[in-house]
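# let me see the structure of the following:
(one chain, ligands or ions: 1)
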Amino acid sequence: MRIDVVSIFPEYLAALDLSLIGKARQDGLLDLNVHDLRDFTTDRHRTVDDTPYGGGAGMVMKAEPWAQALTSVADAEEAARPVLIVPSPAGAVFTQAMAYELAEEKHLVFACGRYEGIDERVLEWAGERFDVRPVSLGDYVLNGGEVAVLAMVEAIGRLVPGVVGNPESLVEESHSDGLLEYPVYTKPSSWRDRGVPDILLSGNHGKIAQWRRGQQLQRTAARRPDLLEKLDPTQLTKADKAT
Ligand SMILES: COc1ccc(Cn2ccc3ccc(-c4cc(N)[nH]n4)cc32)cc1
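Numbers count the residues shown, from 1 in each chain. Modelled structure (predicted):
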């Protein structure tokens, strides 16, 4: 998978050189490139923003530098249009289902806005070359798109085959089956007078799986009842319903 990120703070994305995503880049599983939007300006001051039409506080990101930057990353030979993900407070909320879907794409481009956002005409213009997706990280306000891109690249990148050493670990995790994950424990078995649930020490893998599933359902009901309502009834077994 090829990933291009455009930002006026490319150093913000340095975290993508680390850990799992960093190793995937070294291994050639992710062809990840970060671009400085200011490299696509033509004036001496490398201007990327200006005052908003209609007035109001703050500045708006100018269209032309974005058009130059996006044109330079849109590989003309590509058969399918790359997906252009534009983090925005006004976007569709990013979910694990979206991460799975985007992990299938060959080329993702992320446009990190700042200030009060990007001139809307960029998203309209980009629609000819890209599958444009405004995406929100959640219902809270950030100062720009970079934090959202770090989160999305990690969530998507880890689903690309070969990135996570043991694909098994992707199966039983929060949101992969629509539920929150069960509690986990490790040595020592007694820590500051707190023990580990006996079932986990029993070696009875069937009972352990049953207990873990029950924990998932209890946690989801307590912390995220909205997820339970979304569950397809066929995803709940008779035993689940008895929990
Ligand atoms: C009109 O309201 C606002 C307009 C812009 C901003 C600052 N800003 C500029 C670019 C940008 C990109 C993404 C986000 C963002 C995404 C999520 N989930 N929260 N905030 C914020 C962003 C704040 C608020």
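# list the buried residues of stretch 86-102.
Within stretch 86-102, the residues scored as buried using 16 or more other CB atoms under 10 Å are Val86, Pro87, Ser88, Gly91, Phe94, Met98, Ala99, Leu102. Glycine gets a C-beta too; all of them are placed from N, C-alpha and C.
# for the ligand, see how far away Ile118 is.
7 Å (CB to the nearest ligand atom, to the nearest Å).
# now for that residue, how many residues are close by?
26 (other CB atoms under 10 Å).
# could I get the buried residues of stretch 86-102 as JSON lines with pLDDT?
Below are the buried residues of stretch 86-102 laid out as JSON lines (pLDDT from 0 to 100):
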{"residue": "Val86", "pLDDT": "98"}
{"residue": "Pro87", "pLDDT": "98"}
{"residue": "Ser88", "pLDDT": "98"}
{"residue": "Gly91", "pLDDT": "97"}
{"residue": "Phe94", "pLDDT": "98"}
{"residue": "Met98", "pLDDT": "97"}
{"residue": "Ala99", "pLDDT": "98"}
{"residue": "Leu102", "pLDDT": "98"}
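# out of the residues you listed, which is nearest to the ligand?
Nearest to the ligand, judged by CB to the nearest ligand atom, of the buried residues of stretch 86-102 is Pro87 at 4.0 Å.
# in a helix, that closest one, correct?
No. Under DSSP: H, G, I helix; E, B strand; the rest coil, Pro87 sits outside any helix and is assigned strand.
# can you tell me the centre-most residue of this protein?
Centroid-nearest residue in the chain: Met152, 1.8 Å away (criterion: CA atoms, centre = their mean).
# which residue sits closest to that residue, ignoring its sequence neighbours?
Phe94 (5.9 Å; CB to CB, 6 or more residues apart in numbering).
# so which of the buried residues of stretch 86-102 also contact the ligand?
Pro87, Ser88 (CB under 6 Å from any ligand atom).
# quick check: the farthest pair among the buried residues of stretch 86-102?
Spanning the widest gap among the buried residues of stretch 86-102 are Ser88 and Ala99, at 17.3 Å by CB to CB.
# next, the contact list for Ala111, please.
Applying CB atoms under 8 Å, 6 or more residues apart in numbering, we find Ala111 in contact with Val6, Trp66, Leu70, Leu84, Ile85, Val86, Pro87, Ile118, Val122, Gly145.
# perfect, that will be all.
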